[in-house]
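K.L.:
need coordinates for the following:
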Amino acid sequence: MAFTLRQVQYFVAVAEQGSVTRAAQNLSISQSSVTEALKELETDLGVELFERHPRGLTITHNGHQFLRHATKILASVSDARTSFSGQQSALSGTLNIGVTSLVAGYVLSDLLARYRRACPGIEVSAIEDNGGYLEHLLVGGELDVAVMVISNLRDRMALQAEILETSPYRLWLPMGHPLVSADIISVADIAREPLIMLTVDEIEENTGKLLSALGARPHVAFRTRSVEAVRSLVATGAGVALLPDLVYRPWSLEGDRIESRDVSGSLPVVQVGMVWRKGSSLPQAARDFVGIAESLRSGRIR
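P.N.:
Here you go, the predicted model:
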C-alpha cells in the first residue's frame, strides 16, 4: 500500500515537534491517529523513521533523510493548489527582503523556493544581516519585509511583527554523555559542563543571562558563528550546547549522532517571524510572500 499525504503530514508534524503528543495537539487530532499513521508509513517505506524510548521519539538517520523529501512533497501539493488561482503568476515587480543569520539556513531556502514557483514574475532581492540593521532598513523603507528573530525586536513602535514559529531551547549532547539518560536535567547541570556557544542573533545573550540568573558563570569552551561547527564539536564530546530546537539536526556533517534533551525550569524561547513597517501598505508581492510563509510554517496540507 502506497503511503498517503496525510501520513506524510503527520510524520512532518511529529518530526518538527519531537513528540506525538505535541504533534497531535497542533493537528487537533488524537494521538492514536498519529501513532497509527506513523506505523503504516514505516511499514510502507520498510524503515524505522523514529526510535521509540521512554522519553518519547528520536528521529533516525533514515527519518531525517525522508523528512527532506516529505517537506518538499507538502510544499509541492500546496504549490499545485495555489497555481490554479492564476493571480500570483501574473504579478511582476520586485520584493526586497531581509533575513537574520539564525533564520537564513533553516527557514528562508524553502520559503524562497516556494515563493519563486508561485510568483515567477517577481524579482527577489535578499540581504542577510543582524536584526538591528534589518530594523533600520525596514523603518527606512529599503526592505519590504524581513524574516528574522523577533524575540528581541527593538523598535516595536515602528514595526509590525507576526510570529511564524516559536522554538524552545533544548540541550545538545554527544552520545554516551551521562545527561542523556538523566530523568531530569536542570540548568545547574548545564553550568557544570563545557559549553559550545553559538554567537549569532540573541543566542549568546540569552544563554549567558540564563546561567547568570542562577549565579553560575558559564564555562565557555568554544565560541562560533557556525551551527555546523557547534554540531561537530558537540558530537565529538568537546562540550554541550543550549540552542533553540529550530536549528537541531541529529547528525553532524561527519555523520556523528547528536542527542537533544529538554531542560527543566523556565527557559527562553526564540520567536521567528515576519516584520514590516507599521502604517505602510505592503505591495502585493510582499503580501503574497507573507501568505506563503504562513502556509509553510503550519506544516499542514491546505
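K.L.:
could you use CA atoms for every contact and neighbour count after this?
P.N.:
OK.
K.L.:
now the strands for the protein?
P.N.:
Residue ranges of the strands in the chain, as given by DSSP state E, are 50-53, 56-59, 93-99, 122-128, 145-149, 159-174, 195-198, 220-224, 241-244, 258-261, 269-277.
K.L.:
tell me which residues of stretch 276-295 come out buried.
P.N.:
Neighbour counts over stretch 276-295 (16 or more other CA atoms under 10 Å) mark 276, 277, 285, 286, 288, 289, 290, 292, 293, 294, 295 as buried.
K.L.:
looking at the strands of the chain, which one has the lowest mean pLDDT?
P.N.:
Least confident of these, judged by mean pLDDT, is strand 56-59 with a mean of 78.
K.L.:
still on that earlier bit, save the strands of the chain as CSV, and put in distance to residue 181 too.
P.N.:
Below are the strands of the chain laid out as CSV (distance: least, CA to CA, whole Å):
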stretch, distance to residue 181
strand 50-53, 11
strand 56-59, 12
strand 93-99, 37
strand 122-128, 39
strand 145-149, 32
strand 159-174, 11
strand 195-198, 19
strand 220-224, 23
strand 241-244, 17
strand 258-261, 10
strand 269-277, 24
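K.L.:
most neighbours per residue, which of these?
P.N.:
Burial of those is given as mean neighbour count (mean count of other CA atoms under 10 Å); strand 145-149 ranks first at a mean of 28.
K.L.:
now it against strand 122-128, angle please.
P.N.:
30 degrees (axes from the mean of the first three to the mean of the last three CA atoms, to 10 degrees).
K.L.:
now what about strand 145-149, what contacts it?
P.N.:
96-100, 102-103, 108, 131, 134, 138, 201, 270-277, 286 (CA atoms under 8 Å, 6 or more residues apart in numbering).
K.L.:
tell me the strands beside it, with direction?
P.N.:
The pairing partners recorded for strand 145-149 under DSSP bridges are strand 93-99 (parallel), strand 269-277 (antiparallel).
K.L.:
out of those strands, the one nearest residue 67 is which?
P.N.:
strand 269-277 (20.9 Å; CA to CA).
K.L.:
export the closest one as PDB, just CAs?
P.N.:
Provided in PDB are the C-alpha atoms of strand 269-277 (Å, rounded to 0.1, in the frame of the first residue of the first chain):
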ATOM      1  CA  VAL A 269      12.200  30.700  23.500                       C
ATOM      2  CA  VAL A 270      13.200  32.000  20.200                       C
ATOM      3  CA  GLN A 271      10.400  33.600  18.100                       C
ATOM      4  CA  VAL A 272      10.900  33.700  14.300                       C
ATOM      5  CA  GLY A 273       8.500  36.000  12.400                       C
ATOM      6  CA  MET A 274       7.800  38.300   9.600                       C
ATOM      7  CA  VAL A 275       8.400  42.000  10.200                       C
ATOM      8  CA  TRP A 276       7.400  45.000   8.200                       C
ATOM      9  CA  ARG A 277       7.000  48.800   8.800                       C
END
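K.L.:
distance check, the residue nearest to the spatial centre of the chain against residue 205.
P.N.:
Most central in the chain under CA atoms, centre = their mean is residue 246, positioned 3.0 Å from the mean C-alpha point. Applying CA to CA, to the nearest Å, the value for residue 246 to residue 205 is 17 Å.
K.L.:
same question, residue 54
P.N.:
33 Å.
K.L.:
residues touching residue 48, list them.
P.N.:
Counting by CA under 8 Å, 6+ apart, residue 48 has contacts 42, 60, 62, 63.
K.L.:
so how many other residues sit close to the closest residue in space to the last one that isn't next to it in sequence?
P.N.:
Distances taken as CA to CA, 6 or more residues apart in numbering place residue 49 nearest to residue 63, at 4.0 Å, with adjacent residues excluded. Here the number of neighbours of residue 49 (other CA atoms under 10 Å) works out to 25.
K.L.:
now do the contacts for residue 49.
P.N.:
Here residue 49 is in contact with 42, 59, 60, 61, 62, 63, 64, 66 (CA under 8 Å, 6+ apart).
K.L.:
need the pLDDT of the third one.
P.N.:
I take that to be residue 60. So, for residue 60, pLDDT stands at 85.
K.L.:
how near is it to residue 42?
P.N.:
Where residue 42 is concerned, residue 60 sits at a distance of 12 Å (CA to CA).
K.L.:
of all the strands of the chain, which lies closest to residue 71?
P.N.:
strand 56-59 (14.8 Å).
K.L.:
so what's residue 222 bridging to?
P.N.:
In beta-bridge terms (that is, DSSP bridges), residue 222 pairs with residue 196.
K.L.:
need the contact list for it.
P.N.:
195, 196, 197.
K.L.:
measure residue 108 to residue 47 for me?
P.N.:
With CA to CA as the criterion, residue 108 and residue 47 are 30 Å apart.
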